[in-house]
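**Q** With the input below, show me the fold.
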Amino acid sequence: MNADLSVSPLSLAILGLISLQPLSGYDLRKCFATTPMGHFSASPGAVYPALGRLEKAGWIQGAQDDRQELRPRRMFSLTEEGKAILVAYLSRGITREDVIWRLDELLLRFSFMGHWVTKARVKRFLIQFGQEACRYVEVLRAQRASFPDLPSATARLALEYGIEQYQAAVRWADQALVEVGSKP
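**A** Residues are numbered from 1 along each chain as shown. So this is what the prediction gives:
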C-alpha cells in the first residue's frame with residue numbers, strides 16, 4: 001500500500017462513491033452535477049483525469065460494461081489496495097488545521113465512514129472533531145477579547161460568525177455522537 005496518503009478531496013469523493021457501487025465516469029459526473037456533492041466539478045476535464053490517476057495508482061480498476069449496446073461504458077470499482085487506502089484515509093486523526101481549513105473534507109470523510117470503519121472509529125472521529133472545534137472556538141474568543149475595539153462592526157460580526165459556526169460544529173458533533181452511540 002502506498003504510504004503517502006495524500007488523497008485530494010476529489011479523489012476521496014470518487015473513491016467513496018465507487019466504494020458503494022461500481023460507477024462510470026458519466027455516473028460520477030451526474031452525481032457531482034445533481035447532488036449536494038455539486039461543489040466538485042462535473043467537468044469531463046476533472047473527472048476523467050482523476051479516474052486515470054486513481055487507476056494508474058492501482059486504487060481502482062475499470063472494466064467495460066457490455067450491457068449497453070450503443071456505447072459501452074467503463075465501470076470502475078475499488079481494488080483491494082484502493083479499499084485499504086480509503087479505510088486508512090477515513091481512519092486518520094483530526095488536527096486543528098483540518099477543522100480550520102478542511103471542514104468540507106472532514107464531513108466528506110465522515111459521510112463514507114459508516115460503510116468502511118468501525119463504530120468505535122466513527123465515535124473517535126466525532127470526539128476529535130468536537131474537541132478540535134471547541135479548542136478553535138476558544139482561540140476565536142480569545143482573539144475577540146484581545147481586540148475589543150475592532151475597526152468596524154462588520155469586522156466584529158465576521159469574527160462572531162466564525163465563533164457561531166464552530167460552536168454549531170461542536171453541537172453537531174455532540175448530537176451525532178449521541179445518535180451513533182445509541183445505534184446498534
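
**Q** what about the spatially most central residue of the chain, which helix or strand?
**A** Residue closest to the mean C-alpha point of the chain, counted by Cα atoms, centre = their mean, is Leu108 at 2.2 Å. For Leu108, the enclosing helix or strand under DSSP states H and E is helix 103-116.

**Q** Next, the buried residues of whichever helix or strand comes after that helix.
**A** Toward the C-terminus, helix 103-116 is succeeded by helix 119-146 as the next helix or strand (DSSP H and E). Of the residues in helix 119-146, those buried by neighbour count under the rule 16 or more other Cβ atoms under 10 Å are 122, 125-126, 128-130, 132-134, 136-137, 140. From N, CA and C alone the C-beta is placed, and that goes for glycine too.

**Q** Quick one: mean pLDDT for the longest helix seen in the chain?
**A** In the chain, ranked by residue count with DSSP state H as the criterion, the top helix is helix 153-182. Across helix 153-182, the average pLDDT comes to 93.

**Q** With stretch 122-132 instead?
**A** Computed over stretch 122-132, the mean pLDDT rounds to 96.

**Q** hmm, who's touching that stretch?
**A** Applying Cβ atoms under 8 Å, 6 or more residues apart in numbering, the set of residues contacting stretch 122-132 from outside is 93-96, 98-99, 106, 109-110, 113-114, 169-170, 173-174, 176-177, 180-181.

**Q** Output the buried residues of helix 119-146 in TSV, with distance to Gly16 appended to each entry.
**A** Conversion of the buried residues of helix 119-146 to TSV gives the following (distance: Cβ to Cβ, whole Å):
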residue	distance to Gly16
Val122	15
Phe125	15
Leu126	18
Gln128	20
Phe129	18
Gly130	22
Glu132	22
Ala133	22
Cys134	27
Tyr136	26
Val137	29
Leu140	31
